[in-house]
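Enquirer: Just a sequence and a predicted model for now, questions to come.
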Amino acid sequence: VNSPTASKVGSTYYKASNFHLDKIESWLRRAYPISNLSVVRSTYDYPSSGLPNVNSLHLRLALLKAYRVVFSGESVKTIYYGLVDDGGGFMRGNAMGIPGTIAAGPTGLGTFGWDTDGSYGDWYTGHEIGHTRGRYHAEFCGAGGGKSYPYPNGRISPSITGNTAIYGFDISTRAIYPPSWSDVMTYCSNQWISDFTYEGIRSHIISVGLLESNRIMAEQVLLITGLANLDEGTAELEDVQLLNLEAELEMPAPGEWEIALINESNADLKVIPFNPLVLSDDEEDPAEMGIISEIIPYQPGTIKVAIRYQGKTVAERSASANAPVVEVTEPKRGGQYRADINISWNGSDPDGDPLTFNILFSNDGGKTWEVLASGLEEENLVVNREDLPGGENSLIKVIASDGFYTGEGESGPFTVFPHGPMAQIDNPGEGQIFHLDQNLVLQGSAYDMEDGTIEADLAFIWTSNLDGELGSGRNLNTTELSEGDHQITLSVTDSHGNKGFAMRTVKVVAADAPKLTLLEIAPFSVGIVVEVGVPSAAHLLTVRTSSDEPVNWMVTGGAAWVSIDAANGVSPNDLELTFNTAGLAVGKYETLLIFTSADALNGTVEVPVVLHVIPLNMRDLFLPLVGR
Ligand SMILES: [Zn+2]
């Protein structure tokens, strides 16, 4: 979501960068019970200035999704996630419905006291998408509205030590998360996914795959979005749009609410029962809010739409006499775009109704459409080519809405130059050391604006500056690297023949070189958040080596507020960190634990420890950092 924030010197646009999207997709691939993740990244311009309101954003995403269902035939099971960069303020995330298909949340550089990888969007998104996969909160660290959770304190493990302790394991980075870490469905610090949440998401994904849908053909389609107050049984309609196209639709699941389609003699032509979708993560909201988002067949003769709760009309929208008309004036037929694309149109309505405009883009001659913006009042929009998939048969469609009827205008075909893929090396890590003949797993991934996630193995070519081409594949096993310092290059080619590159350096040493013993401390950093005056639970650190050879080690550094139950030892060890927070004022405390071992190749490992002492009742880290 491209969210404009007004400032004195004009307008700054905040858009979550590909860095955050890479982190999020990587986290989902590593933590979720999925073998494959298919992603489409697109940029949506939020129509009003300032920080997006998450509930309004859901309404926007619901409309966007509805357009893609009716105009592109997309499956209703597709999940939409609205990602908002927190440069313009912190938009607390939530999900629309548990389970559901729409969620939104923030991303940014913040650490939340423990996450030092430069983006918190990864686990935050994992939490919200967890709701869409049917997961309720584990009610710890301020999370409410949840369901029972099997392990104490929201941990990923029933116990901290012993045979029953469960460790988190990251299949890609090989990081090990200690049993003291918390489940992603809590609001606690130090999150990973528990086996409980993992299994739960897995069974949801399986059940969605088996779902038979009740689909019907509609000659004309009515899109309806709005907000419902579930406690008071009231509602407000946002969009009502009658679209003149045929589409295959899935009827709403029946509930206590109704959509009534009413004719000019005030008679019900059709009544469709439904339920608004309940929002997650709304602990601080006094009223329970729900989102209305339905796509239903239009009944000819309907001139009024009413929302009813327990038989009583709580919101309605009437049609005016005439539909609006819109003409797209830019881009021009045959235009070629390498940079900004200026989109302009003229809308008019014979009844003089105020109009809003929804802007759709196709790069395949109208087979599929994505939504660039919706709810605009002005008659132009500038989009950057960087945000659009390229194509020679690109089209703009503008849908004008008068609050009931719509009018549509389309540009002639134009060209948006295509982009090269964004390649990433997921394994090995930078600077890793291997023995001659040791199996080295090369793993890459790539996203392309035109092709999406690139899955074809032949598109991935691996080369070494010493040994030349190594082979192809998203995953490539090789034992053939010669001794020396290699620069490994991954080249990914998309369907237009454009290339993207990523690079890594690895070292290969002689087969009889001494076994590489590296000191490994997990986790690589410790972040603790405590309320002032409240003692903190102990935290676990593990000392291991890469070769399993035992090494002598010692630890120095630290501070008065953190103590460790051993100052030296012979690995492997499980160490307990205790936090002495008595008398500490609100604030941030930082120190380094320095582990050294003369027996290990890497000699020293530094573990940053950050303690946040926060005021009482501020435990809920998901609350906005700015007021709303
Ligand atoms: Zn939540």
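Expert: Cool, got the structure.
Enquirer: The nearest residue to residue 101 once chain neighbours are set aside and the ion: what is the separation?
Expert: Nearest non-adjacent residue to residue 101, counting by Cβ to Cβ, 6 or more residues apart in numbering: residue 79, 5.1 Å away. To be clear about C-beta, it is placed using only N, CA and C from the backbone, and glycine gets the same treatment. Counting by Cβ to the ion, to the nearest Å, the separation of residue 79 from the ion is 15 Å.
Enquirer: Residue 554 - that's part of a helix, no?
Expert: No - counting by DSSP: H, G, I helix; E, B strand; the rest coil, residue 554 is not part of a helix but strand.
Enquirer: Bridging across strands, which residues link to it?
Expert: Note on residue 554: beta-bridge partners residue 568, residue 596, judged by DSSP bridges.
Enquirer: mind listing what residue 549 touches?
Expert: 515, 517, 599 (Cβ atoms under 8 Å, 6 or more residues apart in numbering).
Enquirer: rewinding a little: for the residue nearest to residue 101, give me its contacts.
Expert: 101-103, 129, 132.
Enquirer: Then residue 197?
Expert: 130, 135, 138, 183-185.
Enquirer: Please repeat the previous calculation with a cut-off of 6 Å.
Expert: If you count contacts by Cβ atoms under 6 Å, 6 or more residues apart in numbering, residue 197 has them with 135, 183, 185.
Enquirer: Quick one: classify it as helix, strand or coil.
Expert: Residue 197 falls in the helix class when you classify it by three-state DSSP.
Enquirer: Next one: it from residue 552, what distance?
Expert: 39 Å (Cβ to Cβ, to the nearest Å).
Enquirer: for the ion, what are the nearby residues on the chain?
Expert: 280-281 (Cβ under 5 Å from the ion).
Enquirer: how does it look with 6 Å?
Expert: 127, 131, 137, 280-281 (Cβ under 6 Å from the ion).
Enquirer: Looking at those, spot the one nearest residue 442.
Expert: Distance to residue 442 across those (Cβ to Cβ) is lowest for residue 127, with 31.3 Å.
Enquirer: helices or strands up against whatever helix or strand the closest one lives in?
Expert: Using DSSP states H and E, residue 127 falls within helix 121-132. With contacts taken as 3 or more Cβ pairs under 6 Å, 6 or more residues apart in numbering; DSSP states H and E, helix 121-132 sits against helix 18-31, strand 94-96, strand 102-107.
Enquirer: Please work out the average pLDDT along that helix.
Expert: Helix 121-132 carries an average pLDDT of 96.
Enquirer: repeat for stretch 169-177
Expert: On average, stretch 169-177 scores 82.
Enquirer: ok and the residue in this structure nearest the ion?
Expert: residue 281 (3.9 Å; Cβ to the ion).
Enquirer: Test my guess that that residue contacts residue 94.
Expert: Yes - in this structure, residue 281 is within contact of residue 94 by Cβ atoms under 6 Å, at 3.9 Å.
Enquirer: now the farthest one out in the chain, which residue is it?
Expert: residue 265 (47.2 Å; Cα atoms, centre = their mean).
Enquirer: Which other helices and strands does the longest helix anywhere in the chain contact?
Expert: In the chain, assigned by DSSP state H, the helix with the most residues is helix 54-72. In terms of contacts (3+ Cβ pairs under 6 Å, 6+ apart), helix 54-72 is packed against strand 80-85, strand 102-107, strand 221-229, strand 289-297, strand 370-376.
Enquirer: Mind listing what's buried along it?
Expert: Neighbour counts over helix 54-72 (16 or more other Cβ atoms under 10 Å) mark 54-71 as buried.
Enquirer: For that helix, which outside residues touch it?
Expert: 74, 76, 80, 82, 91, 94, 96, 102, 104, 221, 223, 225, 238-239, 247, 291, 293, 295, 368-369, 371, 374.
Enquirer: May I see the PyMOL selection of the buried members of those?
Expert: A single PyMOL command selects the buried members of the contacts of helix 54-72 (16+ other Cβ under 10 Å):
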select buried, resi 74+80+82+91+94+96+102+104+221+223+225+238+239+247+291+293+295+368+369+371+374
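Enquirer: Who wins on neighbours among the contacts of residue 79?
Expert: residue 103 (30 neighbours; other Cβ atoms under 10 Å).
Enquirer: That residue touches residue 95, doesn't it?
Expert: Yes - under the criterion of Cβ under 6 Å, residue 103 makes contact with residue 95 at 3.8 Å.
Enquirer: Quick check: neighbours shared by these two?
Expert: Contacts common to residue 103 and residue 95, judged by Cβ under 6 Å, 6+ apart, are 128, 132.
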